[in-house]
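Participant: I'd like to go over a predicted model; first the sequence, then the structure.
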Amino acid sequence: MSDGLSCACHMPLAWQAAQLEPNARQIQMRESTLLLVALNQVEATHELEASGPENRRLDRIEAKLDLTLHLLARTLETDATPSARSVQLTPSGAQWEDPQPPAEGTMLILELRPSEALPLRLKLPAIALEPLSGNARVKFEGLSEALDEALYQFVFRRHRQAIRARTT
């Protein structure tokens, strides 16, 4: 489905070896899907508005809402944010530099924070692949259809944004 589609993101990332029971896995899938669908919708709306005529009043209201959301997010953060890393993300997996990558075959939960404005973490079940020259590599495992589609849209949007940034 990815056809070589990927994006390079700089975001907080952490992983932990874990295999969830089916009920916990379903809850995690729903939460991750909800986060990605909402984030995709917000980013798509920003792209459409950016290409239309400027509306200063709407821009001011949006800036105030962004600031309010940012402040709320900061107050909701309870635990330490993992360090930000360069992540090569595809709809089917991820790769990042890691001096102590997970061993090949390890079942794990990959935690990404896809938006700086939101303190929410995207938690994806994965299986570790063979590390490659100091890089950890994982393949997402058992994603629901809705989460798979939302992740594809997220990667596609970020890939498109990178292309646009290079051409302007």
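Facilitator: Perfect, I can see it now.
Participant: show me which strand runs longest in the protein.
Facilitator: For the chain, the strand with the greatest residue count under DSSP state E is strand 7-17.
Participant: spatially nearest residue to the spatially most central residue of the chain (excluding sequence neighbours)?
Facilitator: Among the residues of the chain, the one closest to the centroid is residue 114, at 3.5 Å (CA atoms, centre = their mean). Excluding the flanking residues, the one nearest residue 114 by CB to CB, 6 or more residues apart in numbering is residue 122, at 5.4 Å. Yep, even glycine has a C-beta here, placed from its N, CA and C like the rest.
Participant: how about the strands in the chain?
Facilitator: So, for the chain - with DSSP E - the strands run 7-17, 84-90, 93-97, 107-112, 122-128, 135-140.
Participant: report the angle between the third one and strand 135-140.
Facilitator: Computed by axes from the mean of the first three to the mean of the last three CA atoms, to 10 degrees, the angle separating strand 93-97 from strand 135-140 equals 160 degrees.
Participant: let me know the average pLDDT across strand 93-97.
Facilitator: Averaged over strand 93-97, pLDDT sits at 96.
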